[in-house]
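Enquirer: Let me see the structure of the following:
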Amino acid sequence: MRKSEAKTYAKDKGEKYYVPEVPCARGHLMRRTSDGSCIECSRIRETIRTSLNREAYNARKRKERQHKLPQIALKAKQNRLNEPLEKKKQRQEQARLRAIRWRAKNPNHVNTKICKQTYKKSNPDKTQADTIKRRVSKINRSPKWLTENDLWMIKEIYALAILRSQLTGVKWHVDHIIPLQGKSVSGLHVPLNLQVIPAIENIKKGNKFEVMV
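Expert: I've put the predicted structure just below:
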């Protein structure tokens, strides 16, 4: 077989890709300099392989990216620190639209529940640590001057969240208006700092606290 001059030239120049003298059987031109494989044909084969076994593909990709996760997280954090305000708003809007589309396709959040249950079974130590951390934060943020009436009101607020979930079929959470573990400010576990809101709103809010002007 005649050696490709274009490949030799690209290799000498240190280029990753080259255009051969003759296209592949499917008519594609761009090839990899390292092994001479057709880029488009490789993409088609990978698409077919992925569609046949999506779970194996996801597992393989997770394994490939595992050692890169700290670097990826650090790079993303640095990029967001230097991100223009307009680009940040655009990214947040895109994320909001993706969330709306996902909720429309998954009204009962079945896949999310399955993933959470699987994670809890696979990581009982982490799950227990998170539960204890949350419980301790409530204890630490519960002042000693709470009266019996205050404790009764707290129980009633949690009972209201359960009742609303049962009546509406939508999950409701008890949210701390000022988060217990906020970055800039931390609130108390007292009745005046509690509100019953839809679970999705509580998850979106996280530990953020915005001062209303």
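
Enquirer: how about the strands of this structure, start to end?
Expert: 17-18, 31-32, 172-176, 194-198 (DSSP state E).

Enquirer: of these, which approaches D125 most closely?
Expert: D125 sits nearest to strand 172-176 of all those, at 24.9 Å, using Cβ to Cβ. Using the backbone N, CA and C atoms, a C-beta is placed for each residue, glycine as well.

Enquirer: Between strand 194-198 and the closest one, find me the angle.
Expert: 140 degrees (axes from the mean of the first three to the mean of the last three Cα atoms, to 10 degrees).

Enquirer: Out of the strands of the chain, flag the one nearest T118.
Expert: That would be strand 172-176 among the strands of the chain, by Cβ to Cβ, at 22.0 Å.

Enquirer: just the CA coordinates of that closest one, formatted as PDB?
Expert: Provided in PDB are the C-alpha atoms of strand 172-176 (Å, rounded to 0.1, in the frame of the first residue of the first chain):
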ATOM      1  CA  TRP A 172     -43.300  20.300  50.000                       C
ATOM      2  CA  HIS A 173     -40.300  21.200  52.300                       C
ATOM      3  CA  VAL A 174     -39.800  23.200  55.400                       C
ATOM      4  CA  ASP A 175     -37.200  25.800  54.400                       C
ATOM      5  CA  HIS A 176     -35.100  28.000  56.600                       C
END
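
Enquirer: Does anything pack onto that strand? Which helices or strands?
Expert: helix 148-168, strand 194-198, helix 199-205 (3 or more Cβ pairs under 8 Å, 6 or more residues apart in numbering; DSSP states H and E).

Enquirer: Adding mean pLDDT, distance to P124 and mean neighbour count as columns, could you present these in a markdown table?
Expert: Converted to a markdown table, the helices and strands packed on strand 172-176 look like this (pLDDT from 0 to 100; distance: least, Cβ to Cβ, whole Å; neighbours: other Cβ atoms under 10 Å):
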| stretch | mean pLDDT | distance to P124 | mean neighbour count |
| --- | --- | --- | --- |
| helix 148-168 | 92 | 25 | 13 |
| strand 194-198 | 92 | 29 | 17 |
| helix 199-205 | 84 | 23 | 14 |
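
Enquirer: Include distance to C41 when you put the strands of the chain into TSV, please.
Expert: Compiled in TSV, the strands of the chain are given as follows (distance: least, Cβ to Cβ, whole Å):
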stretch	distance to C41
strand 17-18	14
strand 31-32	9
strand 172-176	50
strand 194-198	49
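
Enquirer: wait, which of the ones you listed is closest to Y57?
Expert: Here strand 31-32 is closest among those (Cβ to Cβ), at 20.8 Å.
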